[in-house]
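Student: Quick one, fold the following:
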Amino acid sequence: MDTVLILINIIVLLAIIGVLIYMQKKHVSFAKRVFTAMGVGIVLGAILQAIYGVESEVLTGTLDWYGIVGSGYVRLLMLIVVPLVMVSIIRAIINLEQTKQLGKMAAWIIGILISTTLVAAIVGISTALVFDLNAEQIEAGHAESDQAASIEERYASMEEQSTPQRILNFIPSNIFLDMTGERPTSVIGVVIFSLIVGIAVLGVRRKQPEHAELFVKMVNAIYSVVMRIVTLILRLTPFGVLAMMTNMVATTNFQGVLELGKFVLASYVAIIVMFIIHLILVTVFGLNPMTYVKKAIPALVFAFTSRSSAGTIPINIQAQKNGLGVDDGTANISASFGATMGQNGCAGIYPAMLAVMIAPTVGINPLSFEFLIQLALITAISSFGVAGVGGGATFAAIIVLSSMGLPVGLAGLLISVEALIDMGRTALNVNGSMVAGTLTSKILGNHDANKFNDKHAVADQASV
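Tutor: Numbers count the residues shown, from 1 in each chain. Got it, this is the predicted structure:
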């Protein structure tokens with residue numbers, strides 16, 4: 001009987017995918033198809049949980065099959081991240097007229113990412129204080145205790161590394177290892193290697209132009225193939241969003257959400273406030289914030305459902321280049337850097353809110369000016385190297401809490417709502433990297449205003 005029910009559920013998913021394919025054939029816009037997939041996924045996930053229950057074997061078996069579509073799509077995106085970042089950055093550098101442009105570009109991107117993370121930390125602190133969040137108000141169950149033990153074990157392994165050693169981890173020692181994504185900072189390692197290769201090509205161009213020309217032709221050819229692969233994968237976005245959203249809603253612990261509703265509400269208030277700040281920055285630089293939102297929304301929806309900043313890199317780059325008018329080099333570097341540093345949600349708002357919640361449990365006054373200043377600065381500085389995959393927020397929280405002398409295990413109290421909050425945090429992370437790329441392109445005079453304002457110039461991968 002269970003097998004029959006699972007088969008029926010699979011047929012339902014395939015039928016919805018068929019509708020999405022029909023919408024594509026009718027030339028319904030990419031953004032509308034993604035939103036449709038997201039909405040239907042929410043409804044389908046809620047229905048599956050209501051019918052079968054979270055602990056049901058039918059639901060577990062159904063979601064395993066749905067995972068082929070959802071997790072499979074994310075894996076395909078992760079597959080293309082390294083070749084896309086590497087080839088795109090090398091190509092962008094060899095098209096620069098002067099290497100000093102590269103330094104300015106990287107400096108502005110990193111500066112905006114870290115500055116906005118500092119602002120995000122302040123927003124997180126303020127929200128936690130306004131909502132009067134306190135870790136003593138949360139009861140620890142079996143799952144929370146297990147999570148606390150896991151976090152403390154992870155901290156024990158991290159404690160042996162000093163801050164200089166963590167920074168040293170950015171520098172790749174084996175590029176082939178980083179191509180596998182083995183390290184949390186693998187994307188940064190690939191970026192650094194690509195920057196070195198690009199700069200080396202500029203040097204070869206001056207001394208051996210014929211060799212440089214051959215290499216440039218090869219890179220351009222590889223770039224064309226990689227971008228075609230990206231196009232093919234991104235056409236699957238609505239299907240991936242549908243399956244991931246269904247799985248997320250079907251497995252959500254709604255009882256836990258109700259119990260920790262105050263923290264969930266406070267988190268999303270902070271996230272929304274930070275989104276508004278991003279739009280204010282866009283407006284200050286002379287760009288229409290509503291146009292920005294329309295162009296950025298497909299990438300943000302995917303980030304929200306996938307909870308992976310690294311997995312969103314290909315869509316992020318395409319949205320910046322095709323929709324926001326950002327130049328090639330800036331789009332690639334901002335998307336890559338933004339996946340591992342200066343994450344406004346995971347490395348800014350989240351650890352700052354946790355610190356304010358936990359401080360009273362060890363007798364620290366969270367309203368102390370000294371505590372608040374120290375927390376904001378530590379949060380911003382420690383935002384380097386946060387892994388752009390699920391769990392990055394925990395990594396950031398461990399660094400901040402340990403630096404503030406606070407017990408790291410208490411971060412496990414929020415395990416029941418972690419996934420729900422992480423969706424909003426990831427979308428904010430990705431938006432922060434897109435804002436950094438857009439503003440940097442504007443500052444350096446490389447921004448294509450005509451493309452930004454052209455309503456037909458959107459990141460509609462399916463039409464490519």
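Student: biggest helix in the protein by residues?
Tutor: Assignment by DSSP state H gives helix 57-94 as the longest helix of the chain.
Student: for that one, packing partners?
Tutor: Helices and strands touching helix 57-94, as assessed by 3 or more Cβ pairs under 8 Å, 6 or more residues apart in numbering; DSSP states H and E, comprise helix 2-25, helix 30-52, helix 186-207, helix 209-234, helix 237-251, helix 313-318, helix 328-338. The way it works is simple: take the backbone N, C-alpha and C, and place the C-beta from them, glycine included.
Student: and the angle from the first one to helix 57-94?
Tutor: For helix 2-25 and helix 57-94, the angle between their directions (axes from the mean of the first three to the mean of the last three Cα atoms, to 10 degrees) works out to 40 degrees.
Student: repeat for the fifth one
Tutor: Note on geometry: by the same axes, to 10 degrees, helix 237-251 and helix 57-94 are set 140 degrees apart in direction.
Student: Give the rounded mean pLDDT of helix 237-251.
Tutor: For helix 237-251, the mean per-residue pLDDT is 89.
Student: Next, the angle helix 30-52 makes with it.
Tutor: Computed with the same axes, to 10 degrees, the direction of helix 237-251 lies at 30 degrees from that of helix 30-52.
Student: CA-only coordinates of helix 237-251 in PDB, if you can.
Tutor: Output of helix 237-251 as PDB, limited to C-alpha atoms (Å, rounded to 0.1, in the frame of the first residue of the first chain):
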ATOM      1  CA  THR A 237      15.300  25.900 -12.000                       C
ATOM      2  CA  PRO A 238      11.500  25.900 -11.700                       C
ATOM      3  CA  PHE A 239      11.600  22.100 -11.200                       C
ATOM      4  CA  GLY A 240      14.300  22.300  -8.600                       C
ATOM      5  CA  VAL A 241      12.500  25.000  -6.700                       C
ATOM      6  CA  LEU A 242       9.200  23.000  -6.800                       C
ATOM      7  CA  ALA A 243      10.800  19.900  -5.300                       C
ATOM      8  CA  MET A 244      13.000  21.700  -2.700                       C
ATOM      9  CA  MET A 245      10.100  23.800  -1.400                       C
ATOM     10  CA  THR A 246       7.800  20.700  -1.200                       C
ATOM     11  CA  ASN A 247      10.500  18.800   0.800                       C
ATOM     12  CA  MET A 248      11.100  21.800   3.100                       C
ATOM     13  CA  VAL A 249       7.400  22.400   3.900                       C
ATOM     14  CA  ALA A 250       6.600  18.700   4.300                       C
ATOM     15  CA  THR A 251       9.300  18.200   6.900                       C
END
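Student: List the buried residues in that helix.
Tutor: Residues of helix 237-251 classed as buried by neighbour count (16 or more other Cβ atoms under 10 Å): 237-250.
Student: what about this structure, any weak spots by pLDDT?
Tutor: The model of the chain has pLDDT under 70 over residues 1, 96-100, 136-167, 184, 255-259, 384-393, 409-416, 457-464.
Student: Now distance to T440 too, for the buried residues of helix 237-251, in TSV please.
Tutor: Shown next, in TSV, are the buried residues of helix 237-251 (distance: Cβ to Cβ, whole Å):
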residue	distance to T440
T237	26
P238	30
F239	33
G240	29
V241	28
L242	34
A243	34
M244	30
M245	32
T246	37
N247	36
M248	33
V249	36
A250	40
